[in-house]
Every structure is written in structure tokens, then in C-alpha cells.
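> mind folding the following:
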Amino acid sequence: MESNIFHLQYAIDTFYFLVCGALVMWMAAGFAMLESGLVRAKNTTEILTKNVALFAIACTMYLVCGYAIMYGGNVFLSGMGEVDVAGVLSEFPGREDGFEGGSIYSGASDFFFQVVFVATAMSIVSGAVAERMKLWAFLLFAVVMTGVIYPLEGSWTWGSASVFGMYTLGDLGFSDFAGSGIVHMAGAAAALAGVLLLGARKGKYGPNGEIRAIPGANLPLATLGTFILWMGWFGFNGGSVLKLGDIASAHSVAMVFLNTNAAAAGGAIAALITARIMFGKADLTMLLNGALAGLVVITAEPSTPSALVATLFGALGGVLVVLSIVTMDKLRIDDPVGAISVHGVCGLLGLLLVPVTNGDSSFSGQIIGAITIFIWVFVASLVTWGIIKAVIGLRVSEEDEYEGVDLSECGMEAYPEFVSSK
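Below is the predicted model of the structure:
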């Protein structure tokens, strides 16, 4: 009887991991739709190509070396092997209450759940460098980001490695439940490094400092992408509970889902109101980014706040993302989709809010962790982007940018009946 209980709990936790991983994988579609909706029609095919290709590269590189760097063990060469049922059961002798206090699931399911997080971090970079970067320069960076830069940073946070042999972030009171810093701020740091080397799109900023809006081609598609991301985030945060098959874990999962949704709603409302106050209009793009900002903020700790507190945390993110997007433009940092503000600035906010409800973390630990993650990813990315720039270049020609990178990089247009660059 006891053995059957263990078998059932192992099956439930493994299945839950796989379903949540599939939800996070679906976020790749959300990023693709959001970004293709916020760029101009002449750059749609290229942004879609980037999103599909980066997902494939992330999955392959994490399989080849990323998982081994982050957690140890070479999945690519050895595989996960067959489960040792007797060995699993022997780890929990005399337990009639299941695996309370511990997580037990298939190693293969753990890899699958982790690999889709890597792809999420890389997807953040895609939108920020859109409309002027060479496709193959981006894909080369994806190889390094998903194979080395992200896994090494992840080993200091979710793994057990020390930072360059000096200290372990967890020992300093750093906590990041599902990756506001580890995934989102890291992706934004890599994006910022690329944007600084790449420069702004032609025509974005005038000679006298004026900021010119470059509207996206398909706001319904961007809205669909936001809803897909909102849905996928339940797997992102919910799966990070790591188990489901006991009462405490099931309750924790329910609270994480509740708070994730509440924060997104709070962020959307706050961003809409902030945009109305600042611009006099209900700005749809700010509304969409506000929802995503709330999701990023709550990702750092969705299990301990009440639903009201989660809503307020999300609202803080919604206000901050509008202010940040405006500030980035004033600094002439051209981010077509607002990814650096949504994932970077609001990712940092999420980390700083963790100690408010989680007594196991500390503000000093959160600050040290955030600085460590940002400096490593930013510097490593800057070096990688710089090498790629020196070897093959980062930016398409001015003529190709004017005509649209769909034709120059992919040889086809997304809307040939309606838009022609010829």
C-alpha cells in the first residue's frame, strides 16, 4: 500500500512538472506574437524566424552543455537513464504521508521544465534588438547565452555553485522563487548590452532630441501574445513549486496561481491609469506591458503574499514600467517592445519586494544577488556581442533596414499582398 502511494505521488509530481513545462513552452508563442505585433510589417517574418530558431537553439544548447553547467550531469551523452524504483522508495522508509518536505519526480521532467526557462530568457532579447539586427548575429549570441551565460548564472542561484568560488547567493539571503532576476532580469541585461552596441533604429530619434513613435503593425496580434504569456505564466510560477502531490504543495500551487493572476491584473490597471494621466489617452501598448510587468514582479515570490498584496505588487510594476519606458526613450535606448523595462526594471523590483513577505530572504541578499546577476550577464553579453560585431557585424545595412529585414534576412514578406518593399 505504502509503495503504491509513493508510485502515485511520483507520477503526479512528474506529470505536473511536464504540464507546467508545456505551459512555459507555450510562452514562446506569446513572445512571437507580441513581438511581431509591435514591430513594423516589413520586419515580421524575421522576428518570427528569430523566435522559432532561438527556441530550438536553447533546447539544443541546454541539452549539450547548459544543464551540466547549471546542475551537473551530462544529459546529452548519458541521458536520464531508467528510474530506479527500489532506490527511490528506499530514500523514504516508513513514510506513510508521501514525500512531504521533499520533491520527487523524473529527472527527465526536471530537464524539460528547466530548458523552457532558458528559452524564455533568450526570447526577452529578441524583441529589444528587433528591426535592425542581423539574424545570424542574433542566433550566434543565442548559442552562447543559452549554452554558457545563463546556465552559469543559474548555477549560482538555483544550483549549488558558488560565485567564482567566493560565495553562494542563497547563503546571503537571496531568494528568487521563479526567476524575476534569474530569468527575466538576466534576459534584459543581455538585451541592454546588445542594444547599446547596436544603436537605435533609423528615424527613432530626431536631430534635436525629439522622440518619434514607430507604431507596431498588428496590435491585435500583440494583444493575443500578451494573453498567451499571461496563461503560460501559470506554468512558469506554478511549476516552480516543484511538486503537487501533497496537501501543503497543492495549497501552495493554488496560491501561486491566484497571486500570479492578481499581480497581472493589478499591473494592467495601474499601467492603464498611469498612461491616461501622463498621455491623456488609454495606451494599449502600455496596458499590455503593464500586465507583463505585474507578472514579472510577482515571479520573484508568488507563494507568500496575500492576493491583495500581490495585486499591489503588480500595480507597482504597472506604474514603474510606464515610467521606465518613457525614461529609456529619453536616454535614447531604443527598445521596440519595452522588454528591458518590463523584464529588467520590473524584475529588479520583484527581487526587492521579496523580503516584504518572505522572512527567509533579506534586502542585502536580494541586492547582492541582483547586482551579481546583472553584472555577470551584462558584461559577458557585452563581450559576446562585441566579438560578433567585430567578426560578422551586428547591424544590417541602412538600405536593408529601410526596405525591411524580412527581405534581406529571410527573402520573404509576412504580408506580401498588403506590403511590398519593392
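> only C-alpha atoms from now on, for both contacts and neighbour counts.
Will do.
> residues contacting the residue lying closest to residue 405 once chain neighbours are set aside?
Leaving out its chain neighbours, the residue that sits closest to residue 405 by Cα to Cα, 6 or more residues apart in numbering is residue 43, at 5.4 Å. Contacts for residue 43 (Cα atoms under 8 Å, 6 or more residues apart in numbering) come out as 36, 131, 404-406, 413.
> TSV for the residues you listed, including pLDDT?
Listed next are those as TSV, based on pLDDT from 0 to 100:
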residue	pLDDT
36	97
131	96
404	94
405	96
406	95
413	92
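> give me phi/psi at residue 211?
Here is the backbone geometry of residue 211 (degrees, to the nearest 10): phi -100, psi 120.
> quick check: the closest residue to it other than its chain neighbours vs residue 283, distance?
Leaving aside its sequence neighbours, residue 211 sits nearest to residue 205 (Cα to Cα, 6+ apart; 4.9 Å). Here the distance between residue 205 and residue 283 works out to 21 Å (Cα to Cα, to the nearest Å).
> these two: which is more packed in?
residue 205 (18 against 15; other Cα atoms under 10 Å).
> the more buried one reaches residue 330, doesn't it?
No - applying Cα atoms under 8 Å, one finds residue 205 not in contact with residue 330, separated by 9.5 Å.
> any residues in contact with both of these two?
Joint contacts of residue 205 and residue 330 (Cα under 8 Å, 6+ apart) are residue 211.
> between the contacts of residue 43, which is closest to residue 377?
residue 131 (23.0 Å; Cα to Cα).
> could you pull up the residues touching residue 159?
With contact taken as Cα under 8 Å, 6+ apart, residue 159 is in contact with 70-71.
> the same query, at a cut-off of 10 Å, please.
69-72, 151-153, 168-170 (Cα atoms under 10 Å, 6 or more residues apart in numbering).
> ok, residue 321 next?
Taking Cα under 10 Å, 6+ apart, one finds 267, 270-271, 274, 286-287, 289-294, 315, 327, 338-346 in contact with residue 321.
> the residue nearest to residue 140 when sequence neighbours are not counted sits in which helix or strand?
In space, residue 140 comes closest to residue 388 once its chain neighbours are excluded; the distance is 7.7 Å by Cα to Cα, 6+ apart. Using DSSP states H and E, residue 388 falls within helix 363-391.
> how distant is that helix from the center of its chain?
16 Å (Cα atoms, centre = their mean, to the nearest Å).
> can you check stretch 36-53 too?
18 Å.
> report the buried residues of it.
36-48, 50-51 (16 or more other Cα atoms under 10 Å).
> keep only those of the residues you listed that are in helices.
36-38, 44-48, 50-51 (DSSP state H).
> would CSV of these with distance to residue 369 be doable?
Output for those, formatted as CSV (distance: Cα to Cα, whole Å):
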residue, distance to residue 369
36, 33
37, 34
38, 32
44, 36
45, 37
46, 35
47, 32
48, 33
50, 30
51, 29
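> and those residues, which is closest to residue 322?
Distance to residue 322, by Cα to Cα, is smallest for residue 38 among those, at 16.1 Å.
> and the closest one, how far from residue 288?
11 Å.
> residue 53 touches residue 139, doesn't it?
Yes - using Cα atoms under 10 Å, residue 53 is in contact with residue 139, at 7.5 Å.
> what's the burial count for residue 331?
Neighbours around residue 331, by other Cα under 10 Å: 10.
> for it, what are phi and psi?
phi -80, psi 0.
> list the contacts for it?
Here residue 331 is in contact with 209, 325 (Cα under 10 Å, 6+ apart).
> swap in residue 274?
Taking Cα under 10 Å, 6+ apart, we find residue 274 in contact with 268, 280-283, 286-287, 290, 318-323.
> in JSON lines: the contacts of residue 159, plus secondary structure and neighbour count.
Below are the contacts of residue 159 laid out as JSON lines (DSSP: H, G, I helix; E, B strand; the rest coil; neighbours: other Cα atoms under 10 Å):
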{"residue": "69", "secondary structure": "helix", "neighbour count": "22"}
{"residue": "70", "secondary structure": "helix", "neighbour count": "24"}
{"residue": "71", "secondary structure": "helix", "neighbour count": "18"}
{"residue": "72", "secondary structure": "coil", "neighbour count": "14"}
{"residue": "151", "secondary structure": "helix", "neighbour count": "25"}
{"residue": "152", "secondary structure": "helix", "neighbour count": "25"}
{"residue": "153", "secondary structure": "helix", "neighbour count": "24"}
{"residue": "168", "secondary structure": "coil", "neighbour count": "19"}
{"residue": "169", "secondary structure": "helix", "neighbour count": "25"}
{"residue": "170", "secondary structure": "helix", "neighbour count": "20"}
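> what's the closest of the residues you listed to residue 212?
In terms of Cα to Cα, no member of the contacts of residue 159 lies closer to residue 212 than residue 153, at 36.6 Å.
> find the nearest non-adjacent residue to the closest one, please.
Nearest to residue 153 is residue 373, by Cα to Cα, 6+ apart, at 6.5 Å.
> state whether the one you found and residue 155 are indeed in contact, as I suppose.
No - if you go by Cα under 10 Å, residue 373 and residue 155 don't touch, sitting 11.0 Å apart.
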